[in-house]
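A.B. asks: Predicted model and sequence follow; I will ask about them next.
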Amino acid sequence: MTQKDTSLEFFTFPPSSMFREVKNITCVGAGYVGGPTCAMIACKCPDIRVTVVDMNAEKIAQWNSDELPIFEPGLEEVVKRQRGTNLFFSSDVPKAIREADLIFISVNTPTKMYGRGKGMAPDLKYVESVARTIAEHAGGPKIVVEKSTVPVRAAESIKTILMEAQKHNRELHFQVLSNPEFLAEGTAMKDLAKPDRVLIGGESSPEGYEAVSHLVRVYEHWVDRSRIITTNTWSSELSKLAANAFLAQRISSINAISAICEATGADVSEVAHAVGYDSRIGNKFLQASVGFGGSCFQKDVLSLVYLCESLNLGKVANYWRGVIEINDWQRRRFADKIVGELFNTVAGKKIAILGFSFKKNTGDTRESSAIYVAKHLLEECAELSFYDPKVTEAQIRSELALVSGKETVDRLVKVHSNAAQACEKAHAIVILTEWDEFKTLDYASIYKTMQHPSAIFDGRLILDKKQLREIGFRVFAIGSAPEQAYNMFGTAGCGSGGDSSPNR
Ligand SMILES: NC(=O)c1ccc[n+]([C@@H]2O[C@H](COP(=O)([O-])OP(=O)(O)OC[C@H]3O[C@@H](n4cnc5c(N)ncnc54)[C@H](O)[C@@H]3O)[C@@H](O)[C@H]2O)c1
Ligand SMILES: O=c1ccn([C@@H]2O[C@H](COP(=O)(O)OP(=O)(O)O[C@H]3O[C@H](CO)[C@@H](O)[C@H](O)[C@H]3O)[C@@H](O)[C@H]2O)c(=O)[nH]1
């Protein structure tokens, strides 16, 4: 037993158990986390009835239809198999709360866009509202589980709200647990089926240990006990923010190195390979890119920065803020590179943008780097032609309208239903999402339909530079100097006539 798992010693139930064995789970929030997580629990725990509720009735209708509200590989099969058996989607929140033994709070905690902490702190109004709804409708003992990503000690506020209700009704008993989710979009079902770890934080009291043990048993249906970590509540809450901060920091670190590569003739893929071979560093999350996107990294690092500032830890706040600053800079740097290499003007030039989601295998566009690169190019009056296999035209337009204005988007943006069409008559192709289909496009045919000279900017390092150069493209990739900038001895500007670094 590790030191951190001391709570396991108390896993014998206290003489009078406060909570029933978990037979009914309710999850409030039917989003990217609530939907897949509950589908997995229902699939792995046939003895448990799982109900996912949301205040958005339209979303619930979609979960009950053939067209699920989110795309996630493997999700549809599981939902269709379990739905109506032990998995239910409903908008009757009070009923689902009344019937539950255990309630997951899985609502959004976006960066606050008003008032104190604007642009930094997470907005906890949805979490608080769920806590109040639970207090109002519980009717009996409930284990309440924070699955949303929250700042440290958020569980305390939930507990205070629930305890107030408990004061007025002797039937009510609550324990609040922290059980942050670590799934990544695009691989959510795999991550849920075989998690690196499940983290459960609880109160250091007999009732707290009892509640933790109930949730442990749910996960034990399919997760090995050695992978279920139990800690105190605050460690669990902080571990989630820390994990995302570490992951985001790795990307900013390799992206910072990518800039040095471009200026020196080193190749970032080779550097990442060599650095990642050190088992203390490891090779994951070292892929240089146009910057990280998604609904979590920026929000959670900013939340950590805000927390540090609130704790008067200015130096620590600045350290983590750097991760975001490098990410913003990388996006801007990439857009500037495009303008620079297109002879310092893109006004009126058609540029094909391949990929709009924040990573492959998801249709999610939240905080996608594509939004910011596009914004910079629209400011330069470029005409942008988009294609993404999973993002609709309406979604692309609405995301861009938020940052560039509807009038600009109506005037300068087109969205196509395939890549070849988007590239027709374009001066340049820009890869912003690493969709597999972009690796195998017929670039020789595409080249013939484009304006010449034709450029290609690889923001995801998925293309074969040598092959593209042979076709005739001018090729620019994150983290490597353009072909002609260095000869084999690294002397700038001499022109080697070939790419001295092999592609990976
Ligand atoms: N998206 C991810 O990959 C991921 C992974 C791990 C953790 N998280 C965290 O999990 C939480 C949820 O993220 P998400 O991506 O699933 O969000 P989401 O926006 O996809 O889903 C949240 C859902 O909660 C619903 N909701 C909000 N308030 C409600 C209320 N009072 N009653 C009923 N429903 C309500 C919304 O309508 C929405 O459908 C966030 O804190 C996020 O940081 C997300
Ligand atoms: O080496 C890498 C790895 C990722 N990315 C980018 O980073 C972003 C985030 O990717 P990823 O972490 O794979 O997806 P998310 O769904 O955002 O998952 C992160 O955020 C979730 C929400 O908190 C956590 O649960 C996950 O553990 C954490 O990986 C994407 O734009 C990726 O393209 C890179 O640029 N280089």
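C.D. replies: Thanks, I have it. Ligands and ions are numbered 1, 2, ... in the order given.

A.B. asks: Quick one: residues contacting residue 82.
C.D. replies: When contacts are counted by Cβ atoms under 8 Å, 6 or more residues apart in numbering, residue 82 touches 39, 42, 43, 50. Quick note: C-beta positions are derived from backbone N, CA and C, even for glycine.

A.B. asks: Tell me how many other residues surround the first one.
C.D. replies: For residue 39, the number of neighbouring residues by other Cβ atoms under 10 Å comes to 29.

A.B. asks: Look at the closest residue to ligand 2 within the stretch 351-500 of the chain and report its pLDDT.
C.D. replies: Going by Cβ to the nearest ligand atom, ligand 2 is nearest to residue 359 of the stretch 351-500 of the chain, at 3.9 Å. In the prediction, the pLDDT value recorded for residue 359 is 98.

A.B. asks: looking at it, it is touching residue 185, isn't it?
C.D. replies: Yes: counting by Cβ atoms under 8 Å, residue 359 does reach residue 185; the two are 6.8 Å apart.

A.B. asks: Report the set of residues contacting both of these two.
C.D. replies: Applying Cβ under 8 Å, 6+ apart, one finds that residue 359 and residue 185 are jointly contacted by residue 294.

A.B. asks: Now do the SS call for the residue of the stretch 351-500 of the chain closest to ligand 2.
C.D. replies: Three-state assignment for residue 359 (DSSP: H, G, I helix; E, B strand; the rest coil): coil.

A.B. asks: Now do it against residue 436, distance only.
C.D. replies: Counting by Cβ to Cβ, to the nearest Å, the separation of residue 359 from residue 436 is 12 Å.

A.B. asks: can you check residue 233 too?
C.D. replies: Residue 233 sits at a distance of 41 Å from residue 436 (criterion: Cβ to Cβ).

A.B. asks: The two - which one has more neighbours?
C.D. replies: Remark: of residue 233 and residue 436, residue 233 carries more neighbours, 24 against 10, as counted by other Cβ under 10 Å.

A.B. asks: Residue 359 and residue 185: which is more packed in?
C.D. replies: A side-by-side neighbour count of residue 359 and residue 185, using other Cβ under 10 Å, places residue 185 first with 24 against 21.

A.B. asks: Got the phi and psi for the residue nearest to residue 255 when sequence neighbours are not counted?
C.D. replies: If the residues on either side of it in the chain are set aside, residue 255 comes closest to residue 330, at 4.5 Å by Cβ to Cβ, 6 or more residues apart in numbering. Main-chain dihedrals, residue 330, degrees, to the nearest 10: phi -60, psi -40.

A.B. asks: who's in contact with residue 330?
C.D. replies: Residue 330 is in contact with 252, 255, 258, 259, 289, 290, 291, counting by Cβ under 8 Å, 6+ apart.

A.B. asks: OK, contacts around the fifth one?
C.D. replies: Put plainly, it is residue 289. 251, 255, 330, 369, 434, 459, 460, 461, 478.

A.B. asks: ok, residue 30 touching residue 61?
C.D. replies: No: if you go by Cβ under 8 Å, residue 30 and residue 61 don't touch, sitting 10.6 Å apart.

A.B. asks: The two - which one has more neighbours?
C.D. replies: In this comparison of residue 30 against residue 61, neighbours counted by other Cβ under 10 Å, the higher total goes to residue 30 at 25 against 13.

A.B. asks: quick one, longest helix in the chain?
C.D. replies: Taking DSSP state H as the assignment, the helix of the chain that covers the most residues is helix 233-264.
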